[in-house]
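[1] Model the following, please.
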Amino acid sequence: MTMTTAQTLIKKAERREALFGVVGLGYVGLPLVIELARAGYKVLGFDILPKVVDGLNAGRSHVKDISDEALQEVLASGRFEATTDLGRLGEPDAISICVPTPLSKFKDPDVSYIQASTESVRRTLRKGQAVILESTTYPGTTRELMLPALESTGLKVGTDFFLSFSPERVDPGNPVYGTRNTPKVIGGITPDCLKVTEALYQPAIDTLVPVSSPEAAELVKILENTFRSVNIGLVNETAIVCDKLGVDVWEVIEAAATKPFGFMKFLPGPGLGGHCIPIDPHYLAWKMRGLNYKTRFIDLAGEVNTEMPMFWVRKVADALNGVSRSVRGSTILILGVAYKRDIDDLRESPALDIIKLLEQQGAHVEFHDPHVASYLEDGKTVHSVPLTAERLKSADCVMVVTDHTAIDYRLVKRHARLVVDTRHVMPRD
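    Next up is the predicted model:
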C-alpha cells in the first residue's frame, strides 16, 4: 500500500530521519534548535547575519538562555549546522520560521521578515515539506499571507506540503520553563497539516496543544500577552491612584493577593518592555480596525502603560524638590536598563524612555546594569558605570528601574542620598 506524503513525513519524524530547518537563530530559534537536536533530529539553522552563523558554528552562543556548553554538545553530536545560504531551504523536511515581527513607527504590524522568509521558502519548496510559522503575528497571517505564496508553486497544501502556525512562548531568563517543558500550541491549515506538525514536534516538546486552525493558534499568543498587558495596565493605574491617595500600592497588592480565589497578582512598574507585551496587543488592535471594531481594553491599557515612564520621572522630580533640588543639573543614577530582571535585552525597555525624559529636563544620567555593558544612543555608546559607594554618594538621586538580583540593594540603601524605587526591591529594615 502506497503511503501518502503526510504518512511518509510522519514516519520520518518517528524515526528522527526528518531534517529540520530553523529560520532565525535568535532567542526563539536557537533554543528550538537545541531541543530538536537533543531529540535526535539533524537541524540546519538559517540566519542572515554571518557573525551569528560563524559564532554558532564555532560553538559560541549569542543567546543568554543557551550556554556555549549546550551549543557545543549538539555541534559535537553532528546534529547541528548553521548557514546563511537560504538556497539550502529545499533540503529540510520541516522548516520552522522564527523571525522578528516588530511594529512600524505607526504601531502597525511589520511582517516584512515573515514575507521575506516565506519568499525564500517558496523558491525552494518541494513536495514533502512542512512549514511552521512561529513568529507572533495577527490572526490570518498564515492563511492569508503565507498560503497563497506557497501554493503559487503549484503544490497543494495538505497534500504536497504542510503549513501550520505554532506560536513561540519563550520567556527569556525564566529558570523553570523553557522550550521543551512549555506546552506548545499548534494549528494547521488542514487536518493533515496538524497531524504532521504534531508528529514533528512531539519528540522535542513535552506537551502539544492542538487547536482547530492557524487563526486560533495565532490568537492564543496574542490573548496571552494582551491579558498581561491589560492587567499590568490595571495595577499601574492603581499605583497612580494610590499615589494620589497617599496609600502604599505594594501593601494593597500584597493584601489582595492573600485571597485564595478570584485574584491574580500583577505588579506595577516603570512601564512595559520586551518583544511581546508592548507589541503583540497592537497586532490584534490593527486587525480589528480593518474589521471596523475598536479594541478599547487594549488601547486603554497601552495608554496607561505608555505613560508610566513619565509618572516615575515626575516622582524623581518630586523627590528632588523635597530636598530643594531640581532635575536640571542633578546627577541621576539608573539601576537597570534591561526590560526585565536578570537578562540583557533592551528591546522596548522603559528605562530608555526614562533616561531620555530625564535628559530632556536637564539631568545628567548614568546607568549601572550587571547584564548590559553598554548600548547605543543617538549613535553614541553609553557605558554602564560601576556600582560603588562613591558613585552612590555622588548621585543626587538613584532610581531603581530593573530589579536585577545581582544588584546590592543594601549597598544602595547605605550610601544613596535619595532613592526612587519603581520595583519595590529596596530593603525595608
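[2] Going by C-alpha atoms from here, please, whenever you check contacts or count neighbours.
    Fine.
[3] Show the residue spans covered by the strands in the stretch 301-429 of the chain.
    331-335, 364-368, 374-377, 380-383, 397-400, 419-421 (DSSP state E, counting those that start in this stretch).
[4] can you put the ones you listed in TSV and add distance to G187, mean pLDDT and mean neighbour count?
    As requested, the strands of the stretch 301-429 of the chain are exported to TSV (distance: least, CA to CA, whole Å; pLDDT from 0 to 100; neighbours: other CA atoms under 10 Å):
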stretch	distance to G187	mean pLDDT	mean neighbour count
strand 331-335	42	98	24
strand 364-368	43	97	20
strand 374-377	39	92	12
strand 380-383	43	94	12
strand 397-400	42	98	26
strand 419-421	43	97	20
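[5] For the stretch 101-250 of the chain, which segments count as strands?
    130-133, 162-165, 184-188, 208-211.
[6] any idea which of the ones you listed is most buried?
    Of all the strands of the stretch 101-250 of the chain, strand 162-165 carries the top mean neighbour count, a mean of 30, counting by mean count of other CA atoms under 10 Å.
[7] can I get the CA coordinates of that strand in PDB?
    C-alpha atoms of strand 162-165 as PDB (Å, rounded to 0.1, in the frame of the first residue of the first chain):
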ATOM      1  CA  PHE A 162       2.000  21.200   5.000                       C
ATOM      2  CA  LEU A 163       1.500  24.600   6.700                       C
ATOM      3  CA  SER A 164       0.900  25.300  10.300                       C
ATOM      4  CA  PHE A 165       1.200  28.000  12.900                       C
END
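[8] So which elements touch that strand?
    Counting contacts by 3 or more CA pairs under 8 Å, 6 or more residues apart in numbering; DSSP states H and E, strand 162-165 is packed against strand 130-133, strand 184-188, helix 191-201, helix 214-245.
[9] Recalculate using a threshold of 10 Å.
    helix 5-14, strand 94-97, strand 130-133, helix 147-151, strand 184-188, helix 191-201, helix 214-245 (3 or more CA pairs under 10 Å, 6 or more residues apart in numbering; DSSP states H and E).
[10] Identify each buried residue in the last one, please.
    For helix 214-245, a neighbour-count test (16 or more other CA atoms under 10 Å) marks 214-222, 225-240 as buried.
[11] all helices of the stretch 251-400 of the chain, in order?
    Taking DSSP state H, counting those that start in this stretch, the helices of the stretch 251-400 of the chain run over residues 280-289, 296-321, 350-360, 389-394.
[12] Nearest approach to K259 belongs to which of those helices?
    With CA to CA as the measure, helix 296-321 is the member of the helices of the stretch 251-400 of the chain nearest K259 (24.3 Å).
[13] That closest one relative to helix 280-289, how many degrees between them?
    Following axes from the mean of the first three to the mean of the last three CA atoms, to 10 degrees, one obtains 140 degrees for the angle between helix 296-321 and helix 280-289.
[14] how close does Y293 get to P278?
    In this view, Y293 and P278 are 20 Å apart by CA to CA, to the nearest Å.
[15] So if I had to pick from these two, which one is more boxed in?
    P278 (23 against 11; other CA atoms under 10 Å).
[16] Can you verify my assumption that that one contacts N305?
    Yes: with contact defined as CA atoms under 10 Å, P278 counts as touching N305 (8.6 Å).
[17] Now the common contact residues for the two.
    S229, G271, L272 (CA atoms under 10 Å, 6 or more residues apart in numbering).
[18] Quick check, the second one in contact with E307.
    I take that to be G271. Yes: using CA under 10 Å, G271 is in contact with E307, at 7.5 Å.
[19] so what sits against both of these two?
    By CA under 10 Å, 6+ apart, the residues touching both G271 and E307 are G233, N236.
[20] between the two, which one's more packed in?
    G271 (28 against 16).
[21] May I see the strands of the stretch 101-250 of the chain organised as JSON lines, with distance to H404 and mean pLDDT added?
    Below are those laid out as JSON lines (distance: least, CA to CA, whole Å; pLDDT from 0 to 100):
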{"stretch": "strand 130-133", "distance to H404": "33", "mean pLDDT": "98"}
{"stretch": "strand 162-165", "distance to H404": "34", "mean pLDDT": "98"}
{"stretch": "strand 184-188", "distance to H404": "29", "mean pLDDT": "98"}
{"stretch": "strand 208-211", "distance to H404": "33", "mean pLDDT": "98"}
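[22] I10: which of those is closest?
    So among the strands of the stretch 101-250 of the chain, strand 130-133 is nearest, using CA to CA, at 10.5 Å.
[23] strand partners of the closest one, parallel vs antiparallel please.
    Strand 130-133 pairs in its sheet with strand 94-97 (parallel), strand 162-165 (parallel), by DSSP bridges.
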